[in-house]
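A.B. asks: Next comes the sequence, and after it the predicted model I'd like to discuss.
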Amino acid sequence: MSDDHKPDDAPKPSAVEGFKTSSDYLRGDIARELADGAAGFGKGSIQLLKNHGTYQQDDREQRKSREGAKSVREISFMIRTCVPGGKLTAEQLLSAIDMGDELGNGTIRLTTRQTIQHHGVVKGDLKAFMRQVHDNHMTTLAACGDVERNIMCCPAPIRGDTVREQMQAKLDELAVHLAPRTRAYYEIWLTDPETGEKERVAGGPETIEPIYGPTYLPRKFKTAFALPEDNCVDVYANDLGFIVVHEGGRILGYNVLAGGGMGVTPSAAKTFPALAKRLGFVPPEDVLGIAEAIVKVQRDYGNRSDRKVARLKYTIHTMGLENFRAKVEEYFGKPLAPCHPADVHGFDDHIGWHAQGDGRHFYGLNVENGRVHDTGGFRLKTALRRILRDVQPGVRITAHQSLLFTDLAAGDRERIAEILHGHGVKTSEEISTIRRWSMACVALPTCGLAVAESERVLPGLIDRLEPEVAKLGLEKEAFTLRMTGCPNACARPYNADIGIVGRTAGKYTIFLGGRLLGDRLNEHYKDVVPFEQLAGEITAVLACYKAERKPGETLGDFCHKKGVDGVRAWADAWLAGSRGAG
């Protein structure tokens, strides 16, 4: 909250707010600590670094392996690169893969927000890493931290579809408009080591942050654009969402949503997942203005004393939707029109082969949990290098942690399949539907919030579920199954058909009743379920669905209609019968 809006009895700001306030626009002690020889940074710099796109992490398994030295941490850094709308070139992705080998842990990870993450970068390589990102015509600035993060939209490259093209162009405008203006990023990371010359982008002196102010936002802020017929970005899970309203190939405007967010703190009952609320309608020319107004209201009225309840969803919950709308209109300078009736009604993950509209094609390659790596006979990283170098496609990252190769000729179909098969990688057509619609967060061992496994165990869970799904005749049914190592919900489990959330080591909470469209939260189904029992519990739910569903009814809709209590009673009886028969 700015000084102009701060009441006399305002609670004491959190420690993170103190770090930002004294940081001189995100500078702090980062430059000095970069050269101090220590493995990591101090508390203040750790927080400020997030706004520069990097998290200090600790490999807990390495820590435990050091006998007699439990307190010694294996410190490294996760670095996230902004990729607005998931759009990049073959050369940029190749460079990112190379950087993973040269400076990271040998892998890269495609995220649920259409970005690229590197893990295992050591402190001494941070500056070289940032320089290479910059030389690759990309940035890590604001990929994390208390700012607008990577803005999402449908990545499908349908040529001649002016609605999609205009939506993607509007995203690019907004990404530039909401980017931090601080010069700290360029001073710290892009100073020439020989001449001391600071990198200047667009030249001119530094301006005070016109949108964020000196303390930026109270918490992270996420935005997405979606089409009614294709909500592949889960627009309702974002702080700010824009649903395109279009008729006859022309954009009439956007329905504005506000207050979505998945994260929950398990020790704080005051926290909750939320879907964004429909706020109003704006014409295309007002998108930047309404976005700025909402960001500024959150800047001035968001909670700066308790980060657990600092997201926009809590600001709206505290103020009330109507009061929040009135304040947004005040900052916007005019009233908002009511929302257009248009809403999300379709979802496409764009996996597989698709006509691009210009005689060429694009191909959606499923990347399980977004991890690009070579392990044994599975050599996805090497296969991607071959495709990117030999075929030279355009590249898009999806909100489901996968890749689209664009601008392909018909003859590239066999060529890409041959490369994938030659490196032990299945084509998207060869993977199961349940695997295609699953995703997981990173979790252990590097995520400091994780209490249970996620990325490393979900593939094995899918292995166990695939034959059971086939026995039930449900192998072609599309439903989302999302797993996270803690309730902070990076893989968006709370609006999935099936959500699996880490509860404690080796045990999970199961949620049911969201849906593919992403516009409904699911409900608590069972708690503290050991990992070894997850496959059986989920199979029982699917058996209930198979036995009682109506034609065309999705899994999430069925569970929502029957209610979790009804599903639980049926599934428990089925499990008891299965054990008895066994």
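C.D. replies: Cool, the structure landed.

A.B. asks: Helices along the stretch 251-400 of the chain, start to end?
C.D. replies: Per DSSP state H, counting those that start in this stretch, the stretch 251-400 of the chain carries helices over the ranges 287-301, 312-319, 321-332, 380-390.

A.B. asks: how about the ones you listed in TSV, adding distance to residue 130, mean pLDDT and mean neighbour count?
C.D. replies: In short, each C-beta sits where N, CA and C put it, glycine included. Converted to TSV, these look like this (distance: least, C-beta to C-beta, whole Å; pLDDT from 0 to 100; neighbours: other C-beta atoms under 10 Å):
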stretch	distance to residue 130	mean pLDDT	mean neighbour count
helix 287-301	25	98	21
helix 312-319	29	98	21
helix 321-332	34	98	16
helix 380-390	22	98	19
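
A.B. asks: Please name whichever of those helices is nearest to residue 554.
C.D. replies: Taking C-beta to C-beta, helix 312-319 is the member of the helices of the stretch 251-400 of the chain nearest to residue 554, at 25.9 Å.

A.B. asks: For residue 572, which non-adjacent residue is spatially closest?
C.D. replies: Nearest in space to residue 572, with sequence neighbours left out and distances taken as C-beta to C-beta, 6 or more residues apart in numbering, is residue 540 at 7.4 Å.

A.B. asks: name the helices or strands packed onto the strand or helix carrying the one you found?
C.D. replies: Taking DSSP states H and E as the criterion, residue 540 maps to helix 531-548. Judged by 3 or more C-beta pairs under 8 Å, 6 or more residues apart in numbering; DSSP states H and E, the packing partners of helix 531-548 are helix 458-471, strand 498-504, strand 507-512, strand 523-530, helix 555-562, helix 564-581.

A.B. asks: and these as a markdown table, adding distance to residue 74 and mean neighbour count?
C.D. replies: Output for those, formatted as a markdown table (distance: least, C-beta to C-beta, whole Å; neighbours: other C-beta atoms under 10 Å):
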| stretch | distance to residue 74 | mean neighbour count |
| --- | --- | --- |
| helix 458-471 | 24 | 17 |
| strand 498-504 | 22 | 25 |
| strand 507-512 | 26 | 24 |
| strand 523-530 | 28 | 15 |
| helix 555-562 | 40 | 22 |
| helix 564-581 | 41 | 14 |
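
A.B. asks: For my notes, please list these in TSV and give distance to residue 309 for each entry.
C.D. replies: Formatted as TSV, those follow (distance: least, C-beta to C-beta, whole Å):
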stretch	distance to residue 309
helix 458-471	30
strand 498-504	19
strand 507-512	21
strand 523-530	20
helix 555-562	28
helix 564-581	26
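
A.B. asks: and residue 210, which of these is closest to it?
C.D. replies: Using C-beta to C-beta, the nearest of the helices and strands packed on helix 531-548 to residue 210 is strand 498-504, at 38.9 Å.

A.B. asks: Okay, now the sheet partners of that closest one, with direction.
C.D. replies: The strands beside strand 498-504 in its sheet (DSSP bridges) come out as strand 481-484 (parallel), strand 507-512 (antiparallel).

A.B. asks: Quick one: mean pLDDT over that strand.
C.D. replies: For strand 498-504, mean pLDDT rounds to 97.

A.B. asks: Could you do stretch 534-550 as well?
C.D. replies: 98.

A.B. asks: how about the strands paired with strand 498-504 in JSON lines, adding distance to residue 494 and mean pLDDT?
C.D. replies: Converted to JSON lines, the strands paired with strand 498-504 look like this (distance: least, C-beta to C-beta, whole Å; pLDDT from 0 to 100):
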{"stretch": "strand 481-484", "distance to residue 494": "9", "mean pLDDT": "98"}
{"stretch": "strand 507-512", "distance to residue 494": "6", "mean pLDDT": "98"}
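
A.B. asks: if we can go back for a sec, out of the helices and strands packed on helix 531-548, which is closest to residue 401?
C.D. replies: Residue 401 sits nearest to helix 458-471 of all these, at 11.4 Å, using C-beta to C-beta.

A.B. asks: CA-only coordinates of the closest one in CSV, if you can.
C.D. replies: Extracted in CSV, the C-alpha atoms of helix 458-471 (Å, rounded to 0.1, in the frame of the first residue of the first chain):
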residue,chain,number,x,y,z
LEU,A,458,3.6,-39.3,-11.4
PRO,A,459,4.9,-41.2,-14.4
GLY,A,460,5.0,-44.4,-12.3
LEU,A,461,1.4,-43.7,-11.1
ILE,A,462,0.3,-43.3,-14.7
ASP,A,463,2.0,-46.6,-15.5
ARG,A,464,-0.2,-48.3,-12.9
LEU,A,465,-3.4,-46.6,-14.0
GLU,A,466,-3.1,-47.2,-17.7
PRO,A,467,-4.0,-50.9,-17.7
GLU,A,468,-6.8,-50.2,-15.2
VAL,A,469,-8.3,-47.5,-17.4
ALA,A,470,-8.1,-49.8,-20.4
LYS,A,471,-9.9,-52.6,-18.5
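
A.B. asks: can you give me the angle that helix makes with strand 507-512?
C.D. replies: Using axes from the mean of the first three to the mean of the last three C-alpha atoms, to 10 degrees, the direction of helix 458-471 lies 40 degrees away from that of strand 507-512.

A.B. asks: Now do helix 458-471: distance to the chain's middle.
C.D. replies: Relative to its chain's centre, helix 458-471 lies at 25 Å (C-alpha atoms, centre = their mean, to the nearest Å).

A.B. asks: on contacts alone, who are the packing partners of it?
C.D. replies: Helix 458-471 packs on helix 433-436, strand 438-440, strand 481-484, helix 531-548, going by 3+ C-beta pairs under 8 Å, 6+ apart.
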